[in-house]
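In: Pasting the sequence and the predicted coordinates here, then a few questions.
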Amino acid sequence: MKNKQIKLRVASAFLAFGLMGGLISCSKQEADVAPTPTVTTADSADVRVVEGRLVFKDQSTLASILSTLASKSDAELKAWDTNLNFTSLNKSTSKEAAALREEFGFPRHLTAVINPNGEYQVGNLYYYFKAGQVHEFKTQADMLAFQQNQTVEHRSAFAGRTKVQDTEASRSQANSSYGRDGKYQYDFCLWNDCGSRRKIVFERYIYTQGMGVDYWYTALVLAVKLEFRNSKGQWRVAGEQRVVDLAISGDANSIISGSTQPWCSKPFNITAYNETNYDQEYTIADCYMGGGSDPSSVYWDFSISGRISSWVSSDQGHTYTENKYDLW
């Protein structure tokens, strides 16, 4: 009986999301309620590029595409953008794009659908990320006016990272404090030269974004990072080629505070081997959910076990590995 209840809540979550129509409610066709997850091509009517911004047919199309992209590698995400002839926040190398990614802590698959200005469009609604919120506008003129610091009537909702805290040995939960946990860190001297300090970090965080009145999109993300210490003793993103080799599994339940059943209950099993010169992220699970008036009411209860290894490609002698039953 319990499994049936969980399935009912998951189905209800996607039904509610399909019906809510974003931050401003509007009616949907029945076919919009349960879209088939497919990665859309450039000539599809479901998504197109207009003035450097992705335009999705409707909210259920966006939900379907995000669900599909969540399991893709960074190389696959960039190939998807290229196929659309779209420059995404994920692909952009500008300082402004980097600052926007850091401010909001977007999961990488979400940056594949946002442009470097922090915009995307669903139907006739325009979305813009600024100052810890996602803002929704009925017209492009309103969005442009807001971007020029004019007062414009519109809706807005919280968007950003929420911190993960350990609550017991074998389970973890997310609360509403902004940040990452940075639980596992390995500080070492690159090539045994302590004038070149590096640090490998394994951490997980929660991204939560308001999608309407009491509706949320949330994702549980694992990040594997490499940092260097500058002359001021500050840790910054490093650019060396590095390898990430992992095999993790567990379960993740997204819950509204006070509820006895999760909206989404997702077992996961992720294996990956990547060699890049930038940090890697892996979306463990994501969910659309309803109920709860603020981000503090949205949280994940989860358990992660397995092995995570990383090393600088030219210095494999300083490999960092965590391998145990209860990583988190």
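Out: That came in fine, so what should we check first?

In: Could I get the average pLDDT for stretch 275-282?
Out: Averaging pLDDT along stretch 275-282 gives 91.

In: Could you do stretch 77-87 as well?
Out: Stretch 77-87 shows a mean pLDDT of 92.

In: in it, what counts as buried?
Out: Across stretch 77-87, burial judged by 16 or more other Cβ atoms under 10 Å covers 77, 78, 80, 81, 84, 86, 87. Glycine gets a C-beta too; all of them are placed from N, C-alpha and C.

In: got these as TSV, with secondary structure and distance to residue 208 columns?
Out: Shown next, in TSV, are the buried residues of stretch 77-87 (DSSP: H, G, I helix; E, B strand; the rest coil; distance: Cβ to Cβ, whole Å):
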residue	secondary structure	distance to residue 208
77	helix	21
78	helix	25
80	helix	24
81	helix	24
84	coil	26
86	coil	25
87	coil	26
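
In: C-alpha coordinates for stretch 123-140, PDB please?
Out: In PDB, the C-alpha atoms belonging to stretch 123-140 read as follows (Å, rounded to 0.1, in the frame of the first residue of the first chain):
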ATOM      1  CA  GLY A 123       4.700  30.300 -24.400                       C
ATOM      2  CA  ASN A 124       4.100  34.100 -24.000                       C
ATOM      3  CA  LEU A 125       5.700  34.400 -20.600                       C
ATOM      4  CA  TYR A 126       9.300  35.700 -20.100                       C
ATOM      5  CA  TYR A 127      11.500  34.600 -17.300                       C
ATOM      6  CA  TYR A 128      14.600  36.400 -16.000                       C
ATOM      7  CA  PHE A 129      16.900  35.400 -13.100                       C
ATOM      8  CA  LYS A 130      18.200  38.300 -10.900                       C
ATOM      9  CA  ALA A 131      19.000  38.900  -7.200                       C
ATOM     10  CA  GLY A 132      18.100  35.400  -6.000                       C
ATOM     11  CA  GLN A 133      14.700  35.300  -7.700                       C
ATOM     12  CA  VAL A 134      13.200  34.200 -11.000                       C
ATOM     13  CA  HIS A 135      11.000  37.000 -12.400                       C
ATOM     14  CA  GLU A 136       8.000  36.400 -14.700                       C
ATOM     15  CA  PHE A 137       6.700  38.900 -17.200                       C
ATOM     16  CA  LYS A 138       3.800  39.000 -19.500                       C
ATOM     17  CA  THR A 139       5.600  40.900 -22.300                       C
ATOM     18  CA  GLN A 140       9.200  41.300 -23.500                       C
END
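
In: Any figure for the gap between residue 75 and residue 309?
Out: Relative to residue 309, residue 75 is positioned 20 Å away (Cβ to Cβ, to the nearest Å).

In: Repeat that for residue 199.
Out: Look at residue 199 and residue 309: by Cβ to Cβ, they are 15 Å apart.

In: got it, and residue 323?
Out: Distance, residue 323 to residue 309, by Cβ to Cβ: 8 Å.
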